[in-house]
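K.L.:
My questions concern the predicted model and sequence given below.
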Amino acid sequence: MAAPEAANNAVSGPSMAPLLTLGIPGSTIGAILVGVFLIHGIQVGPTLFITSSDLVYSLFACGLIGIAMYGLIGYFGAAFVGRFVTRIPTDILYPIVFLTSFVAAYASRGSLFDVLVMVMAGFAGWLMKKYDFNPAAFVISFVLAGGAELTFRQAMLLSEDGLLIFVTRPVALGFLILGFAALFLRARSLNRQVREAALKDA
């Protein structure tokens, strides 16, 4: 258990690099942070280090403190926390988590609409888990959709050839090729996995 947990915690720091420098979240937590930044009117990207340098250095400081606390809690309190959690019956733990989620959703703005959005998001997450979709990819794409739409509109306004601007410009064409190549390789990998599973069942 220690190895996967250490790897999971090690992802948090490096995933902040593309988030702060390019505005692209590298993990689910990064996607949530992008949403928080946008709510507070903070534009994430290369200019962040100029416009909000205090915020960046505060994030670095909090990261260092978090790593230190991870080590202390893990070394001195892991056994106690593990025993404490395992002793709590699931029929008590799950309602507490469920109630806390509702209270947190309502307390943010005092709106039942936020609670409804949370319920729908939870239902969508359950469906994605049931049908083996990746919730992290959905969250990242949902956060990036606004910026992608704005950039698409800007490209259409600047272009005289419409959608052809994406194939006549080398950089845009390169990204399109990479995207389609990634989709093709992923589809081929999934097809291979399905065929191997069918052969094992046969």
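P.N.:
Okay, I see it.
K.L.:
wait, isn't residue 173 in contact with residue 167?
P.N.:
Yes - contact criterion C-beta atoms under 8 Å: residue 173 and residue 167 qualify, at 5.3 Å. Placement of C-beta: from N, CA and C, glycine included.
K.L.:
what about residue 199, distance to residue 14?
P.N.:
38 Å (C-beta to C-beta, to the nearest Å).
K.L.:
Kindly report the same for residue 166.
P.N.:
For residue 166 relative to residue 14 (C-beta to C-beta), the value is 30 Å.
K.L.:
which of the two has more neighbours?
P.N.:
residue 166 (16 against 10; other C-beta atoms under 10 Å).
K.L.:
Next, work out how far apart that one and residue 140 are.
P.N.:
Counting by C-beta to C-beta - residue 166 and residue 140 are separated by 21 Å.
K.L.:
Do me a favour and get the end-to-end distance for stretch 128-139?
P.N.:
Terminal residues of stretch 128-139 are spaced 12 Å apart (C-alpha to C-alpha, to the nearest Å).
K.L.:
Report the distance from it to the chain centre.
P.N.:
11 Å (C-alpha atoms, centre = their mean, to the nearest Å).
K.L.:
Could you do stretch 63-73 as well?
P.N.:
Its chain's C-alpha centre lies 22 Å from the corresponding centre of stretch 63-73 when counted by C-alpha atoms, centre = their mean.
K.L.:
Likewise for stretch 63-77?
P.N.:
On C-alpha atoms, centre = their mean, the centre of stretch 63-77 falls 23 Å from the chain's centre.
K.L.:
Break this protein down into its structural domains.
P.N.:
By the assignment in automatic domain parsing, the chain contains the domains 1-87, 89-147, 155-202.
K.L.:
Mean pLDDT added to the ones you listed, as a markdown table?
P.N.:
Listed next are these as a markdown table, based on pLDDT from 0 to 100:
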| stretch | mean pLDDT |
| --- | --- |
| domain 1-87 | 76 |
| domain 89-147 | 81 |
| domain 155-202 | 82 |
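K.L.:
Next, count neighbours for residue 167.
P.N.:
Residue 167: 12 neighbours (other C-beta under 10 Å).
K.L.:
Helix or strand: which one has it?
P.N.:
If you go by DSSP states H and E, residue 167 is part of helix 165-168.
K.L.:
list the buried ones in the helix or strand following that helix?
P.N.:
Counting by DSSP H and E, the next helix or strand C-terminal to helix 165-168 is helix 170-201. Residues of helix 170-201 include none that count as buried (16 or more other C-beta atoms under 10 Å).
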